[in-house]
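1. please find the sequence and the predicted model below.
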Amino acid sequence: MTEHGMFGVGGSGDTSGFGGLVTRKSPVLESQRPFGGDFDEVVDALEEAYPGFNDAIERVVVDRGELTLHIVPSKIAEVCAIMRDDPSLRYELCSSVSGADYFGSDERRLHAVYHLTSMTYRRRIRLECAVTVDDPHLPSVTSIYPTADWQERETYDMFGIIFDGHPGLTRILMPDDWEGYPQRKDYPLGGVPVEYKGVEIPPPDQRRSYR
């Protein structure tokens, strides 16, 4: 009898949760007007409120019902201040700052992603900045959104993106003397010695399959 379920798992033994992950749709590189919904209104409001709009916004992407503005890295704090303060925008909350590594895509493979929420207008928007591994610097937005404090620290800890002007940019998950950034795509998947026991966790493709 063939077993099924948790303890009858077959296949590669990949317990990372990413086994069999397949990209089903090509990413949208840039969207054209009209964007749809209230996205045109949001982009128009930012363009009217921010004189440096054309120099700061690299592209606008609408995909899967979400609006993303790709920002020139040096302009991210300026854009966030406008997004928060302009009466037509009012994105008062930064709910998340996270990172992504598009390894092999282009030179600017490290991305910082900001999720903003307008509680006034019940809207959400994503801002995204791309930097290089050799120069992974971005202005901190903690003076605009205090909630970004620990989120920027985690993004620094996991991806090595440096947020200039952060009040205390230190590791938050890994030990202070840890070498490397664990969520970069070129970081080893496993084989990290486990403290106290002296054992080693193998990479996901070398872990056993449960029978």
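-> That came in fine, so what should we check first?

2. where's Ser31, which helix or strand?
-> Here Ser31 is covered by no helix or strand, with elements defined by DSSP states H and E.

3. do His115 as well
-> According to DSSP H and E, His115 maps onto strand 110-118.

4. looking at stretch 94-108 now, give me its mean pLDDT.
-> If you average the pLDDT over stretch 94-108, you get 93.

5. buried ones in that stretch?
-> Neighbour-count burial for stretch 94-108, counted by 16 or more other CB atoms under 10 Å, picks out 94, 97-101. Quick note: C-beta positions are derived from backbone N, CA and C, even for glycine.

6. direction included, what does the strand holding His115 pair against?
-> Next to strand 110-118 in the sheet, as set by DSSP bridges, lie strand 93-101 (antiparallel), strand 123-131 (antiparallel).

7. list the contacts of that strand.
-> Here strand 110-118 makes contact (CB atoms under 8 Å, 6 or more residues apart in numbering) with 76, 80, 83, 89-102, 123-133, 136, 138, 141, 148, 155, 159-161, 184.

8. next one: stretch 40-49
-> Stretch 40-49 is touched from outside by 33-35, 53, 57, 60, 67, 69, 79, 82-83, 86, 88-89, 123, 125, with contacts defined as CB under 8 Å, 6+ apart.

9. repeat for stretch 138-153
-> 73-74, 76-77, 80-81, 84, 93-98, 112, 114, 129, 131, 161-172.

10. picking up where we left off before, including distance to Ala49, could the strands paired with strand 110-118 go into TSV?
-> Listed next are these as TSV, based on distance: least, CB to CB, whole Å:
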stretch	distance to Ala49
strand 93-101	18
strand 123-131	14
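
11. make sure Cys102 is actually in contact with Thr132.
-> Not Cys; residue 102 is Tyr. No. Using CB atoms under 8 Å, Tyr102 is not in contact with Thr132, being 11.7 Å away.

12. shared neighbours, these two?
-> Common neighbours of Tyr102 and Thr132 (CB under 8 Å, 6+ apart) are Arg109.

13. follow-up on the earlier one: going through the contacts of strand 110-118, which ones are buried?
-> Among those, the ones that count as buried by 16+ other CB under 10 Å are 76, 80, 83, 89-91, 94, 97-101, 123, 125-131, 133, 136, 138, 141, 148, 155, 159-161, 184.

14. I'd guess Gly104 is in a helix, am I close?
-> No. Using DSSP: H, G, I helix; E, B strand; the rest coil, the assignment for Gly104 is coil, not a helix.

15. what's near enough to touch it?
-> Taking CB under 8 Å, 6+ apart, we find Gly104 in contact with Lys185.

16. what about 10 Å?
-> Counting by CB atoms under 10 Å, 6 or more residues apart in numbering, Gly104 makes contact with 185-186.

17. any idea how far it lies from Leu69?
-> 24 Å (CB to CB, to the nearest Å).

18. now Thr142
-> Thr142 sits 20 Å away from Leu69, taking CB to CB as the criterion.

19. hey, what's the residue nearest the centre of the chain bridged with?
-> Nearest to the mean C-alpha position of the chain, by CA atoms, centre = their mean, lies Gly99 at 3.0 Å. Beta bridges link Gly99 to Ala112, judged by DSSP bridges.

20. contacts only, for it.
-> Neighbouring residues of Gly99 by CB under 10 Å, 6+ apart: 110-113, 136, 151-152, 154-161, 181, 183-184.
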